[in-house]
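Participant: give me the fold of what follows.
(one chain, ligands or ions: 1)
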Amino acid sequence: MRIYEENIRDIHNRPGEMRERKRGFATPEAFGEALATVPAGEHMDLEVRLESVHEGILASVTARTTMHAECGRCLKDFTAPFQVEFQELFAYTPTEAEEYGVHGDHVNLEPPLRDAVVLALPFQPVCRPDCPGLDPETGDVRDAEAAAESAVVDPRWAALAGLLAEESDVSRDTGSESK
Ligand SMILES: [Zn+2]
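Facilitator: Numbering: from 1, shown residues only. Sure thing, here's the model as predicted:
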């Protein structure tokens, strides 16, 4: 994808030289395929710093965009600001298979950017930190009070709600006995 390529001709083999660039674009392809994704066509801003070092080009990248997610507790769709930072060395002569290389006069930020975004997208997104989730009996979104009073945990709901909910249930149910 050309959109992710950075021209490094003017700092190639010139250790100490540095370039900073910013740009925004619509993502040509989606990132992620779980509950949280950055869909194709979403706006993304990139801040890129390229430093020429002896071994190659060191890229420091900050990406800002919007993730689209389904809440793991109440199953509601929501969007939220999403930011990720990473640093990657593009070597002139990559020595290992997993190392990225300089290709002619450019580096391709797409593979490390994709890795960083997909890793940082939440595996179990929640629409808000105190989302009470679904009522295990009616399937409706619970209000926070009812959620706090109810000790009934549907196994399916617990699996969706994940560790946060399990931890709070544990502390509520056994906290007084264990301490
Ligand atoms: Zn929710």
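
Participant: for the residue lying closest to P94 once chain neighbours are set aside, grab the count of nearby residues.
Facilitator: Leaving aside its chain neighbours, P94 sits nearest to G101 (4.2 Å; criterion: CB to CB, 6 or more residues apart in numbering). All C-beta atoms are positioned from the backbone trio N, CA, C, and that covers glycine. Around G101 there are 15 other residues, counting by other CB atoms under 10 Å.

Participant: for S52, see how far away G101 is.
Facilitator: 15 Å (CB to CB, to the nearest Å).

Participant: quick check: Q83 vs Y4, distance?
Facilitator: 17 Å.

Participant: an error on my part: the question was meant for L109.
Facilitator: Distance from L109 to Y4, by CB to CB: 5 Å.

Participant: compare these two (neighbour count), which wins?
Facilitator: Neighbour totals were compared for L109 and Y4, and L109 leads with 24 against 21 (other CB under 10 Å).

Participant: ok, now which ones touch that one?
Facilitator: Applying CB atoms under 8 Å, 6 or more residues apart in numbering to L109 gives the contacts Y4, E5, E6, L46, V48, A59, V61, E88.

Participant: start to end distance for stretch 91-101?
Facilitator: Stretch 91-101 has an end-to-end distance of 5 Å (CA to CA, to the nearest Å).

Participant: list the buried residues of it.
Facilitator: Neighbour counts over stretch 91-101 (16 or more other CB atoms under 10 Å) mark A91, Y100 as buried.

Participant: isn't there a helix covering P112?
Facilitator: Yes. Assessed by DSSP: H, G, I helix; E, B strand; the rest coil, P112 belongs to a helix.

Participant: and it, how far is that from F31?
Facilitator: 12 Å.

Participant: who has more neighbours out of those two?
Facilitator: F31 (25 against 19).
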